[in-house]
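Engineer: Provided below for reference: sequence and predicted model.
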Amino acid sequence: MVGSAGTFGYIRVMATVLEKQAKRWTYEEYYRLDDDQRHEIIDGNLLMTPAPDTWHQDWSREISMLLVTHVKRHQLGKVFIAPVDVVLDPENTVQPDLVFIASANLGIVQRRAIFGTPDLLVELISPTSVRRDRYEKRELYARFGVKEYWIGDPANKSLEILTLREGRYDLHRAAEIQGKLTSLLLQGLEFDLKEIQ
């Protein structure tokens, strides 16, 4: 009997562990977390995001200055810089490196977070985020209708600009180390990749 109880005890512990792993997180639960860590939720799964390295910070600053200058000059909307929560739906909350919201969509911006689909998102990948940014977030952002998605890779000095067409992203422009890049969404924006390094 002791062996049986021990086995059942083990099964109960395993069931509890599996139950915890299967928990579906929502933005409201995430918002109430009492810690200073950066988190995201993708399809109900709570993920921790480590602090970015200095190359990442450098690229983020340069791209943000480029976007903010262009967006302000042409009064196109607003640019937000991480950390900022983008709540796509109750089970999908992300913290992209840069977020652009067009003037017509500024109603999704609230004091606590951005609730809805931004027009353009920028993610700068690091060794720990390659899979998430290149695959999971690419699929997620396409599913929610983000019109343009930029993937920057500071370590390899490359930047890809993807445009949403018929529910999937097509490569619009890409450069490595140097090369002209343009945005279909932000008309008139043209820069050389070497300007942000």
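Structural biologist: Perfect, thanks for sending it.
Engineer: distance of residue 65 from residue 142?
Structural biologist: Counting by CB to CB, to the nearest Å, the separation of residue 65 from residue 142 is 27 Å. Quick note: C-beta positions are derived from backbone N, CA and C, even for glycine.
Engineer: so for these two, which residue has more residues nearby?
Structural biologist: Each of residue 65 and residue 142 has its neighbours counted (other CB atoms under 10 Å); residue 142 has more, 17 against 13.
Engineer: confidence score at the more buried one?
Structural biologist: Looking at residue 142, its pLDDT stands at 98.
Engineer: contacts only, for the residue nearest the centre of the chain.
Structural biologist: Central residue of the chain (CA atoms, centre = their mean): residue 96, 3.2 Å from the mean position. Neighbour list for residue 96: 82, 84, 86, 118, 121, 122, 123 [criterion: CB atoms under 8 Å, 6 or more residues apart in numbering].
Engineer: that's a strand at it, yeah?
Structural biologist: No - counting by DSSP: H, G, I helix; E, B strand; the rest coil, residue 96 is located in no strand; its state is coil.
Engineer: the helices in the chain, which residues?
Structural biologist: For the chain, the helices defined by DSSP state H cover 2-21, 27-31, 54-73, 130-131, 137-144.
Engineer: mean pLDDT lowest where, among those helices?
Structural biologist: helix 2-21 (a mean of 44).
Engineer: quick one: residue 67 and residue 157, what's the gap?
Structural biologist: Per CB to CB, residue 67 is found 19 Å from residue 157.
Engineer: which of the two has more neighbours?
Structural biologist: Neighbours per residue, other CB under 10 Å: of residue 67 and residue 157, the larger number sits with residue 67, 23 against 17.
Engineer: that one contacts residue 81, doesn't it?
Structural biologist: No - between residue 67 and residue 81 there is no contact under CB atoms under 8 Å: 9.4 Å.
Engineer: what's the pLDDT at residue 129?
Structural biologist: Note for residue 129: predicted pLDDT of 80.
Engineer: and it, how close does it get to residue 77?
Structural biologist: Residue 129 is 26 Å from residue 77, by CB to CB.
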